[in-house]
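1. predicted structure and sequence below. I'll ask about it afterward.
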Amino acid sequence: MPGPGYTMEVELGKIREFARATKSRNPDHLAAERPVSPVTFLMTSAFWSDGALVPWEQIDGFDEIDPGRVLHGGQEFVFHGEPPRAGTRLVGQARIAADYVKEGRRGGTMRFVEIVQEFRTPDGRPVASARNTVIITGQAPENAADQAGGKDGAR
């Protein structure tokens, strides 16, 4: 079931800020009159979505998830043409694509939640989709300082 939709304006200044922050030297991002957005720019939709980027309320047990056990497990983008240019208006909507559990190598379980976010033009033409994998670990490491190389984290 898709989460609530939201509208995102792809702004010229924001594209240039993002390109500079990610150290892009691509003139298509920096100097063009109507620059094309860097491929990972769509993740800035989190600032537009008012929490709709991840439909957490659709995840079973959402209220019991410890944020300290949530990891970023991967991300991919698929474009149905070039990435959006400055001046483009997008309608975004996220949904849970998969929710499954695997046994961890060190014991315990890891829950994988795959979230797909679709981006379309206001008239419904597909522009891109982003797939994010969130990993929720079943337990914290017994002694995180030892795993990091000692009590102070040094090796």
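-> Yep, it's here. Residues are numbered from 1 along each chain as shown.
2. next SSE after the lengthiest helix in the chain?
-> Ranked by residue count and defined by DSSP state H, the top helix of the chain is helix 12-21. The C-terminal neighbour of helix 12-21 among helices and strands, as given by DSSP states H and E, is helix 27-30.
3. thought Glu118 was touching Gln93?
-> Yes: using CB atoms under 8 Å, Glu118 is in contact with Gln93, at 5.4 Å. Placement of C-beta: from N, CA and C, glycine included.
4. after the lengthiest strand in the chain, next one along is what?
-> As assigned by DSSP state E, the longest strand anywhere in the chain is strand 89-103. As assigned by DSSP H and E, the chain's next helix or strand after strand 89-103 is strand 109-120.
5. parallel or antiparallel, which strands does the helix or strand following that following strand pair with?
-> In the C-terminal direction, the helix or strand that comes right after strand 109-120 (DSSP H and E) is strand 126-137. Applying DSSP bridges to the sheet, strand 126-137 is found paired with strand 70-79 (antiparallel), strand 109-120 (antiparallel).
6. what residues are up against Asp60?
-> Asp99 (CB atoms under 8 Å, 6 or more residues apart in numbering).
7. next, it: secondary structure please.
-> Under DSSP: H, G, I helix; E, B strand; the rest coil, Asp60 falls in the coil class.
8. can you redo the strands paired with strand 126-137 as JSON lines with mean neighbour count and distance to Thr44?
-> Listed next are the strands paired with strand 126-137 as JSON lines, based on neighbours: other CB atoms under 10 Å; distance: least, CB to CB, whole Å:
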{"stretch": "strand 70-79", "mean neighbour count": "13", "distance to Thr44": "13"}
{"stretch": "strand 109-120", "mean neighbour count": "19", "distance to Thr44": "12"}
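9. export these to JSON lines and tack on distance to Ala86?
-> Output for the strands paired with strand 126-137, formatted as JSON lines (distance: least, CB to CB, whole Å):
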{"stretch": "strand 70-79", "distance to Ala86": "16"}
{"stretch": "strand 109-120", "distance to Ala86": "15"}
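10. and for Asp38, the neighbour number?
-> Actually, residue 38 is Pro. It isn't Asp. The number of residues packed near Pro38 is 19, by other CB atoms under 10 Å.
11. how far away is it from Ala86?
-> 12 Å (CB to CB, to the nearest Å).
12. what touches both of those two?
-> Ile15.
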